[in-house]
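Chemist: I'll drop the sequence and a predicted model, then ask my questions.
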Amino acid sequence: MGCGGIGISASDASTTTIVSVAFTIIIRIICGPVADGLGVRLTYTCMLIVLCIPGFLAVFVQDFGQLLVVRALIGLIGGSFVLTQLWTTLMFHSNIVGLANATTAGWGNLGGGAALVVIALCFSALKSSGYDNNTAWRSSLAWPPIVVFLMGIAIYFLSDDCPYGNYTELKKRKAEQVSDDPDDGGGDPTAEPASIAGRSLKIAASNWRVWILFVVYMFCFGLELVVNGQISLYLSQAFAMSQQEGALVGGCFGLTNLFARSLGGGMSDWAYSKWSVRGRIWSLFIQVILEGMLMLIFTHGTYDTYGPIGALMVLIAWGITVQATEGGTYGLVPFVEPSAVGGVAGIVGAGGNTGALVGNTMVKYMKVRPAFAGLGWLTICAGFLVTLIHMPGHGSMFCAPEPPKEEEQMKPAAGKPAGGEPAQYLPYAQPMMTSQQMFTVNQAAPQQGSAQAQQAMMMVNGQPMMPMQPQAMPHPGAAPMYGYGMPVGAPMVMQQPGM
């Protein structure tokens, strides 16, 4: 098989894909915690500007070794998914965070498909203009790195870390406040981003609920990647379709990115509005089970039983549920470990690429149909793992939350309220603010009173949102991830009974 004049084999091409996916897994685990410490804006900018370089180098690749290195480095840009999910979590209200996360992810996948179409069109146009295969292929690869570089510049100059500004500026402002009043309970505002990132990853990795979502994402996004790569071969074997017909059906499957992830995130948000976090868990369980069942139905079909039209209908139905599951997973991610959302998002995101490695290995040794059926059963098993998720203070699918003890409901916050005003209290189990939104509330409150702090707080049905932030102590004894204390003049507490 040729590849732009390199002349690599199919086995070599498969090896470069495996290495690229492995590097994506690594960067997804790392970049979420790094963004917790450095801020999404700077992390995203650095990632895009640095990683556009291997994109440019791909144009000049001459042999398998060079291609392997370039593809490994390009695989690192897969961490941008985690940064996007963290960013939307920071920017959007907790009652629509599922829809926001799902829509950005779904349209991101759609953008990947659109880029492939544009590259193919560029290649055809260059060939029609008289260029040979080698030159046309290399020239077609030159424009994506330019777009990536320009996006990195745009993010730096046109965006903010959170609704209240940029992380570094807010941190500087907090440091000035603490220097004026070192006893305000503010903690250490000079905490190094590296230590914050390490703490975020440690907190996320030690939470067993994170690993259940890791497994769930293995068998939704990971399975989607496997099907994307194998669907043409499967349809040609099971339904006697030509390669062109299989590619067309696969394209219809890919178009579900337009709405299906958003559907899953919206379903999670709706369930949250009715039954709080327990609703998000139930929503995810239903989505995963439906996904697994539809995969089994799809793999049991043949040309005689389903026909091409029936196969297409079942495949699209499965595509909708698998992407809805992806949206539902990240609808729950911000609530699993509020003090380390970046770490959680990174680990769960890495699960998708891990699932792709597992699935493609199964296809290699079991052939396509048995591998697809096996992955369907594993998906159902992952769905039943969701029933084990128990959120302290919120309960689980089958267990209601324990009511907080009276003394825990009105436990005063640590820290010194300014102006002699009494400490503010928040009822348990209110909707939550994201980690950096709560961080910025700390900066918004002047020392002379709590009025501006209260104005800065997000509101839900006229009541302050519960902070997704370690200052509010998601569980007794948890170390503040950012090293900042309660908002000056508006100390708040989150009661978490029995954790």
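Modeler: It's in.

Chemist: which residues of the stretch 251-400 of the chain score low on pLDDT?
Modeler: 251 (pLDDT under 70).

Chemist: what do you get if the cut-off is 80, keeping everything else the same?
Modeler: For the stretch 251-400 of the chain, the stretches with pLDDT under 80 are 251-255, 302-304, 307-308.

Chemist: how about the helices in it?
Modeler: For the stretch 251-400 of the chain, applying DSSP state H, counting those that start in this stretch gives helices covering 260-299, 307-336, 341-366, 368-386.

Chemist: mind giving me the packing neighbours of the first one?
Modeler: Helices and strands touching helix 260-299, by 3 or more CB pairs under 8 Å, 6 or more residues apart in numbering; DSSP states H and E, are helix 97-128, helix 307-336, helix 368-386. No exception for glycine: its C-beta is placed from N, CA and C like everyone else's.

Chemist: contacting residues for Val358?
Modeler: 218, 222 (CB atoms under 8 Å, 6 or more residues apart in numbering).

Chemist: how far away is it from Arg209?
Modeler: According to CB to CB, to the nearest Å, Val358 stands 21 Å off from Arg209.

Chemist: likewise for Ser139?
Modeler: Counting by CB to CB - Ser139 and Arg209 are separated by 48 Å.

Chemist: quick one: which of these two has more around it?
Modeler: Arg209 (20 against 16; other CB atoms under 10 Å).

Chemist: just say helix, strand or coil for that one.
Modeler: Arg209 falls in the helix class when you classify it by DSSP: H, G, I helix; E, B strand; the rest coil.

Chemist: gap between it and Val118?
Modeler: Following CB to CB, the distance that separates Arg209 from Val118 is 40 Å.

Chemist: ok, now Leu158?
Modeler: Per CB to CB, Leu158 is found 24 Å from Val118.

Chemist: the two: which has the busier surroundings?
Modeler: A direct count of neighbours by other CB under 10 Å for Leu158 and Val118 places Val118 higher, at 14 against 8.

Chemist: any idea which helix or strand carries His93?
Modeler: Secondary structure assignment for His93, by DSSP states H and E: no helix or strand.

Chemist: what pLDDT does the model give it?
Modeler: Residue-level confidence at His93 comes out at 87, pLDDT.

Chemist: number of nearby residues for it?
Modeler: His93: 17 surrounding residues under other CB under 10 Å.

Chemist: please report phi then psi for it.
Modeler: phi -60, psi 150 (degrees, to the nearest 10).

Chemist: go on, Pro144?
Modeler: Dihedral angles phi and psi of Pro144 (degrees, to the nearest 10) take the values phi -60, psi -40.

Chemist: distance check, it against Gly112.
Modeler: With the distance defined as CB to CB, Pro144 ends up 10 Å from Gly112.

Chemist: same question for Lys364.
Modeler: Taking CB to CB as the measure, Lys364 falls 23 Å from Gly112.

Chemist: same deal with Ala58?
Modeler: The span separating Ala58 from Gly112 equals 16 Å under the rule CB to CB.

Chemist: of the two, who's got more company?
Modeler: Neighbours around Ala58 and Gly112, counted as other CB under 10 Å, are more numerous at Ala58. The numbers are 19 against 11.

Chemist: list the contacts of the more buried one.
Modeler: When the contact criterion is CB under 8 Å, 6+ apart, the partners of Ala58 are 67, 70-71, 74, 141, 145.

Chemist: so it belongs to a helix, correct?
Modeler: Yes. Assessed by three-state DSSP, Ala58 belongs to a helix.

Chemist: can you read off the pLDDT for Gln434?
Modeler: Residue 434: Thr, not Gln. With respect to pLDDT, Thr434 scores 40.

Chemist: what's the burial count for Ile26?
Modeler: Other residues within reach of Ile26 by the criterion other CB under 10 Å amount to 16.

Chemist: how about Ala350, nearest residue that isn't a chain neighbour?
Modeler: Spatially, and ignoring its direct neighbours in sequence, Ala350 is nearest to Arg28 (4.1 Å; CB to CB, 6 or more residues apart in numbering).

Chemist: got the buried residues for the helix or strand hosting the one you found?
Modeler: Arg28 is part of helix 10-38 when elements are defined by DSSP H and E. Of the residues in helix 10-38, 12, 15-17, 19-21, 23-38 count as buried by neighbour count, 16 or more other CB atoms under 10 Å.

Chemist: chain center to that helix: distance?
Modeler: Computed by CA atoms, centre = their mean, to the nearest Å, the separation of helix 10-38 from the middle of its chain amounts to 14 Å.

Chemist: packing partners for it?
Modeler: Counting by 3+ CB pairs under 8 Å, 6+ apart, the elements that helix 10-38 packs against turn out to be helix 40-57, helix 64-75, helix 80-91, helix 193-205, helix 341-366.

Chemist: contacts for the first one next, please.
Modeler: Same thing as helix 40-57. Under the criterion CB under 8 Å, 6+ apart, external residues in contact with helix 40-57 comprise 31, 34-35, 66, 69-70, 73-74, 76-77, 79-80, 83, 86-87, 90, 141-142, 144-146, 148-149, 151-153, 155-156, 159-161, 166-168.

Chemist: which of the residues you listed are buried?
Modeler: When these are checked for burial by 16+ other CB under 10 Å, the buried set is 31, 34-35, 70, 73-74, 76-77, 79-80, 83, 86-87, 90, 141, 144-145, 148-149, 151-152, 155-156, 160-161, 166-167.

Chemist: about what we covered before: adding distance to Thr135, write the helices of the stretch 251-400 of the chain out as JSON lines.
Modeler: JSON lines is the format used below for the helices of the stretch 251-400 of the chain (distance: least, CB to CB, whole Å):
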{"stretch": "helix 260-299", "distance to Thr135": "38"}
{"stretch": "helix 307-336", "distance to Thr135": "37"}
{"stretch": "helix 341-366", "distance to Thr135": "32"}
{"stretch": "helix 368-386", "distance to Thr135": "35"}
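
Chemist: burial measure for the closest residue to Pro145 other than its chain neighbours, as a count.
Modeler: Spatial nearest neighbour of Pro145, excluding adjacent residues (CB to CB, 6+ apart): Gly55 at 3.2 Å. With neighbours defined by other CB under 10 Å, the count for Gly55 comes to 21.
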